[in-house]
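# after the sequence you'll find the predicted model.
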Amino acid sequence: MVAAPNAIAVGSTGEELALVSKAGQSILATSGNLSRWRTLTSTHSLAHNASTCDLQAVTAVAFNAQSQPVLGLDCAHSGEIGILAPLHSSSAQQSGWRNIGPSISDSEGSPSVIRLENTVNGLEGLAQIRAKDGLSLMAFWGQGSTDQWSQSTPLTVPSGWTVKATATGGGAGQGMAVLLGSGNRRQVEYVAGPATHWATLPNSPPGTSGVAWIGKEIDTFVASGSRLGVWASTPPQASWHLAVSITVPVPYGSSS
């Protein structure tokens, strides 16, 4: 299995997708029987479908509202965020693909999809864009069957900072939260949905390793030994408070 947030997807009809490292990189599909997988396509086979993107890798899999498989790409060329959807069929057996990803400025850099989710409102995703002067992030929303998308403004990632975790959610279900980190420092940026702007929460506790957005509350997670702390903030409230502290019994020395 490829180590990526959206390497597995489950469709409304019971079909499943998995992104694996097999003969380079393959996308496997099953109709629900987890002991029987078939190769849907591969990065090599998709190269001609994403020629304008200069496909480097498939980085995320999802299903759209029509139960069509949708693939997020890592592209070497600028100008568009790489999203592939089937040409015609609603079945995961479809072999023809077309690039439906949103356009971006050529000057913004080469994009890689690092999050792709099917929500009750349609597809939602996040792209990391590499440029000579650094990294930026762009959230996008659409139906995943056409090239009609809404996009956020780019979020500049400070020099020396990287994406540690991401989360989808929010009150309307179209929010995107990103945990950025540099050394022990952590910061959460969030966008509530289309036609809204990125906002910054105060630095979260050092060592924060995860983020979630449930309802109106954004949570971050700090693990230290056997203790897990959950810190909560309710945007636009500009503060964190310790919501839950859990001690998990860990039988140290029990492994061989």
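Done, it's in.

# tell me where the model's unsure across the stretch 151-256 of the chain.
254-256 (pLDDT under 70).

# all helices of it, in order?
With helices called from DSSP state H, counting those that start in this stretch, the stretch 151-256 of the chain shows none.

# which residues of it fall in strands?
For the stretch 151-256 of the chain, the strands defined by DSSP state E, counting those that start in this stretch occupy 155-156, 162-169, 175-182, 185-191, 199-200, 210-214, 217-224, 227-233, 241-247.

# output the second one as CSV, nothing but the C-alphas.
Extracted as CSV, the C-alpha positions of strand 162-169 are listed here (Å, rounded to 0.1, in the frame of the first residue of the first chain):
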residue,chain,number,x,y,z
THR,A,162,6.1,21.2,5.9
VAL,A,163,2.6,19.6,5.9
LYS,A,164,2.3,17.2,8.8
ALA,A,165,-1.4,16.3,8.6
THR,A,166,-4.7,17.3,6.9
ALA,A,167,-8.4,17.0,7.7
THR,A,168,-11.7,17.6,6.1
GLY,A,169,-14.9,18.6,7.8
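
# that strand to strand 185-191, inter-axis angle?
40 degrees (axes from the mean of the first three to the mean of the last three CA atoms, to 10 degrees).

# partners of R98 in the sheet?
Counting by DSSP bridges, R98 forms beta bridges with A85.

# what's the burial count for it?
13 (other CB atoms under 10 Å). For glycine as for every other residue, the C-beta is placed from the backbone atoms N, C-alpha and C.

# verify the stated contact: it with G82.
No - applying CB atoms under 8 Å, one finds R98 not in contact with G82, separated by 11.4 Å.

# tell me which of the strands of the stretch 151-256 of the chain sits nearest to T119.
T119 lies closest to strand 162-169 among the strands of the stretch 151-256 of the chain, at 6.8 Å (CB to CB).
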